[in-house]
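[1] Predicted model follows, preceded by the sequence.
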Amino acid sequence: MAEREAEQAGGVAPAVGDAMRGGAPRTLAEELRVRDDRRLAALLRARPDLLAPVPGDLTQLATRAGTRASVVRALERLDRFALQVAEALAVAPDPASYEDLSRLMAGEGGDPGVERALPAALGTLREQALVWGGDERLRLVRTARELLTPSPQHPSPTGLGPAVAEATAGMSPQRLQEILQALGLASTHDPVSAVAALAGLFADRERMGRLLDEAPAEALAVLDRLVWGPPYGEVTASPAPPVRWLRDRGLLLPTSARTVVLPREAALHLRGGRAHRVVEPLPPAVEPVREHRPQVVDSTAAGQAHTALATVEELLKEWDQGGPAVLRAGGLSVRDLRRTAASLDVPEPVGAFWLELLYGAGLIASDGEADERYAPTPACDEWRELPAARRWAELAVVWLAGTRTPGLVGSQDAKGRTLAALGPDLDRSAAPEVRRRVLELLGALPEGAAPDAGAVLARLRWERPLRGAEPRGGREGAVDLRARLAGWAMEEAELLGVTGRGALSSHGRALTGTDAGTTADARAGTGPDAAVALLAPLLPEPVDHVLLQADLTAVAPGPLRRPLADTLAVLADVESKGGATVYRFTPGSVRRALDAGRTAAELHAFLAEHARTPVPQPLAYLIDDVARKHGHVRVGAASSYVRCDDDALLGEILADRRSGPLGLRRLAPTVLASQADPAALLEGLRSMGYAPAAESAEGDVLVTRADAYRTPPRTAPAPVPEGPPLPDDTLLGAAVHAIRAGDRAATAPRKAEPAAPPVQPGGLPRTSPADTLATVQAAALTSAAVWIGYVNADGAASQRVIAPIRVEGGFVTAYDHTADEVRTYPLHRITGVAELAEDL
């Protein structure tokens, strides 16, 4: 049964054991049997999906290798030239010789470049079990042939149409005779012979040349339009004479009442034997177009890395008290994204990139409350305590391996829904591979060299021409997606500081493990730690001072140390950013510091300690003036109330028209009641120019410290893998051993038992419990190996070759050749047993 399935899926026939007897393999399973362990491991490494789960034997492996899903995945990972070789085999006779394949690839005149590259490409197809057979009988796996053979519904990149035999399948014998007569060929009443004669004429260069010499010039022009594809054309009920001449001689064959096609054999003659118009045996070169000094690249990338860290920290600070609400469908609204991007002073796509990077690093997440919103996670505080270079490396590692694709934000999915930042459906499993490959191509260039982006995209298209050739839904075509992923990767690498001026930096090379070819990188090694070591000296050192100016501003000449930066962020507002950050002191910012529990004396002492210049008099006056007014008016909760020892001041508040919305009324000479809640009342009085302070129920001033809001502990979202993981050498060795052992059990010759029912290929032996016990006991006495069928506790059936050691208590203890270990089997789970012709 398994061999029959293997034949249908991969072109294999039920010929178990034939490979053991020598000669050319007749099936894919037979060819796999003659492979050594190294070549089997290479197949499983190239196609890891074949290991999920590990096949029981080589017949199962051949069957699985021929399934549509596995073949499509393997074809998607071929480069353009290997794919062109497979496409040529799909239009070649089955089987085809190496000479036939070489002629289809290089043409009648030959092409040295193609001929040199062809053996390696064919070897790749053989290694991945997409092609099998010797050089005289090359066979494309049946599923691959079905996928790559041209058809009206699925045109081939070769531009070829169906063969003569396929195009004439529904043609009447009388019409075939008319075509033969017009060509001057001998008449035959056998349709098969007629088709063979017509195909033979088109494949004969000499006779075909004489036929085309007789063709009208207009007819040749029609052929020129069809020869490189598409091979189909529409005709009217009364075609023009050139088309009629071609149709009468079979150079155009009807596929419907209004459509004709150029037969494959005729097209190949017109092409000079080539299956493809342009054959690409070599990948497009990625050459440098700009040269920079490596030091300039590193300093530029380090500057951008510093800017990236500053932007990220600013975003975290912006959301420190809680971020925007989470949409019902998940993600951030367009308005909130626009507002966040404006606060960071970056375009919306760049803002989406930073949000997705922090989300992927587990630094922001939703809080999970009823009114769900985004906020920093507890991991954010740990990350902020790391050195700057280490913080950058953690973000870069997340970016390199992440499948979240911020470039898709704002586009639509298959159902026409807009994809939101931080929302679902933004994972693209190909993104990590594309990012890493882009950086590898940059790393292959000399240090400081930057390539043209178009050359990088052309190289990626050559390496994976089929990856995403089918649309994945919506407006997003997968071919377009891969190119867009590469473009986004180059932009994001520049934003993050992995590259500088389009060239890969030294810390970028260390991060990705690319060969830099320099002694500096050789000393540093590769990996995140090496990237940290290379980047740290390039980042500016944090400073512990500011420069105060008379216009109520302070200039930070570099990144500030954490305590200084946190305090100054409360005391002043950021006015401008860049290499030096400018802070501005305002009454509102000073009041914010006083609300946080600071006193005027503490603020003066803080500025004097951290300022390299004397505290300007206007700034000192501002602090003292705000502090003098701060807390003179108190706000508490009744609904809310205002309390002040100065009844004249309360009268002034009541008389102010702007206090109307607050619903104030006097309860006592020093107390006003309000219909507004305390927070709204505080905000209203502050907007009127007063400096109220909130008080508790006991009458004490409430200190509103800027305590950060954090989500519960959250796990960073895991990247969505693209297919099964690549197996390591240990797993490959164990898998090959298990497949070999299972295949020995499946193909081991067994003694003929006339009374026993026949066992189908891949089936389990069936014997009575008494016969099973007797045979196993006899094998234990003679140390012989037997073949058993076994069903485990989960109901999974398997066949095994065992050498019984002892039989007692309803169990048989034996050396299992399939598992290569001693095991114990319950006798009631053994379906049957058969002796082997030769002991293993």
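    Received it, and whenever you're ready, just let me know what you need.
[2] what kind of secondary structure is the nearest residue to residue 320 once chain neighbours are set aside in?
    Nearest residue to residue 320, sequence neighbours excluded (Cβ to Cβ, 6 or more residues apart in numbering): residue 708, at 4.8 Å. For glycine as for every other residue, the C-beta is placed from the backbone atoms N, C-alpha and C. Using DSSP: H, G, I helix; E, B strand; the rest coil, the structure places residue 708 in coil.
[3] Could you list the low-pLDDT ranges of the chain?
    1-23, 467-479, 515-525, 579, 631-639, 697-707, 748-763, 837-840 (pLDDT under 70).
[4] Against residue 359, how distant is the residue nearest to residue 320?
    Noted for residue 708: a distance of 18 Å to residue 359, by Cβ to Cβ, to the nearest Å.
[5] for the residue nearest to residue 320, what are its contacts?
    Residue 708 makes contacts with 320, 321, 376, 381, as judged by Cβ atoms under 8 Å, 6 or more residues apart in numbering.
[6] Please work out how many residues are found near the first one.
    Residue 320 sits with 17 neighbouring residues when counted by other Cβ atoms under 10 Å.
[7] Offset the numbering so it begins at 406, please.
    With the count now opening at 406, the last piece we talked about shows up as residue 725.
[8] Please enumerate the helices of the stretch 756-905 of the chain.
    783-789, 793-806, 836-848, 858-868, 883-901 (DSSP state H, counting those that start in this stretch).
[9] Distance to residue 1142 and mean neighbour count added to those helices, as a markdown table?
    A markdown table is the format used below for these (distance: least, Cβ to Cβ, whole Å; neighbours: other Cβ atoms under 10 Å):
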| stretch | distance to residue 1142 | mean neighbour count |
| --- | --- | --- |
| helix 783-789 | 43 | 17 |
| helix 793-806 | 32 | 21 |
| helix 836-848 | 30 | 21 |
| helix 858-868 | 33 | 17 |
| helix 883-901 | 37 | 20 |
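[10] Any idea which of those gets closest to residue 540?
    helix 858-868 (26.5 Å; Cβ to Cβ).
[11] helix/strand/coil for residue 530?
    helix.
[12] same deal with the one 4 residues further on?
    Using three-state DSSP, the secondary structure recorded for residue 534 is coil.
[13] can you pull the contacts of it?
    Contacts of residue 534 by Cβ under 8 Å, 6+ apart are 415, 433, 437, 448, 452, 467, 470, 546.
[14] Can you name the residues that contact the closest residue to the fifth one other than its chain neighbours?
    Translated: residue 452. Nearest non-adjacent residue to residue 452, counting by Cβ to Cβ, 6+ apart: residue 479, 5.5 Å away. Residues counted as contacts of residue 479 (Cβ under 8 Å, 6+ apart) are 451, 452, 533, 535.
[15] Next: residue 612.
    residue 606.
[16] any idea which helix or strand carries it?
    helix 610-618 (DSSP states H and E).
[17] tell me which residues in the next helix or strand after that helix are buried?
    The C-terminal neighbour of helix 610-618 among helices and strands, as given by DSSP H and E, is helix 622-631. For helix 622-631, the neighbour count (16 or more other Cβ atoms under 10 Å) marks 624, 627, 628, 631 as buried.
[18] got it, and stretch 695-715?
    697, 699, 702-703, 705-715.
[19] Out of the residues you listed, which sit inside helices?
    699, 702-703, 705-715 (DSSP state H).
[20] among those residues, which two are most distant?
    Pairwise across those, and taking Cβ to Cβ, the largest span is found between 699 and 715, at 24.5 Å.
[21] Contact partners for the nearest residue to residue 937 once chain neighbours are set aside?
    Ranked by Cβ to Cβ, 6+ apart and with sequence neighbours excluded, the top spatial neighbour of residue 937 is residue 794, at 4.5 Å. Contact analysis of residue 794 by Cβ under 8 Å, 6+ apart lists 936, 937, 938, 940, 941, 944.
[22] State the distance from the residue lying closest to the last one once chain neighbours are set aside to residue 1238.
    To tie it back to what came earlier, the one meant is residue 944. Closest residue to residue 944 apart from its sequence neighbours, by Cβ to Cβ, 6+ apart: residue 793 at 5.1 Å. With distances taken as Cβ to Cβ, residue 793 is found 70 Å from residue 1238.
[23] residues contacting residue 1146?
    1206, 1222, 1223, 1224, 1225.
[24] with these in mind, which one is nearest to residue 575?
    Looking across these and measuring by Cβ to Cβ, the closest to residue 575 is residue 1223, at 51.3 Å.
[25] thinking again about what came up before, most neighbours of all the contacts of residue 1146, which one?
    residue 1223 (24 neighbours).
[26] doesn't residue 1206 make contact with it?
    Yes - using Cβ atoms under 8 Å, residue 1223 is in contact with residue 1206, at 6.0 Å.
[27] list residues touching both of those two?
    1146, 1149, 1150.
[28] For the second one, what is the enclosing helix or strand?
    Pointing back at residue 1149 there. helix 1134-1152.
[29] The following helix or strand past that helix packs against which elements?
    Downstream of helix 1134-1152, the next assigned helix or strand under DSSP H and E is helix 1174-1187. Applying 3 or more Cβ pairs under 8 Å, 6 or more residues apart in numbering; DSSP states H and E, one finds that helix 1174-1187 contacts strand 1191-1196, strand 1202-1213, strand 1216-1221, strand 1235-1240.
[30] out of these, deepest packed?
    Of all these, strand 1191-1196 has the most neighbours on average by mean count of other Cβ atoms under 10 Å, namely a mean of 23.
[31] And the helix or strand containing residue 479, what's buried?
    Assigned by DSSP H and E, residue 479 falls within helix 473-481. Buried residues in helix 473-481, counted by 16+ other Cβ under 10 Å: 475, 476, 478, 479, 480, 481.
[32] can you check stretch 742-751 too?
    Neighbour count says stretch 742-751 has 742, 745, 746, 749, 751 buried, by 16+ other Cβ under 10 Å.
[33] Lovely, talk soon.
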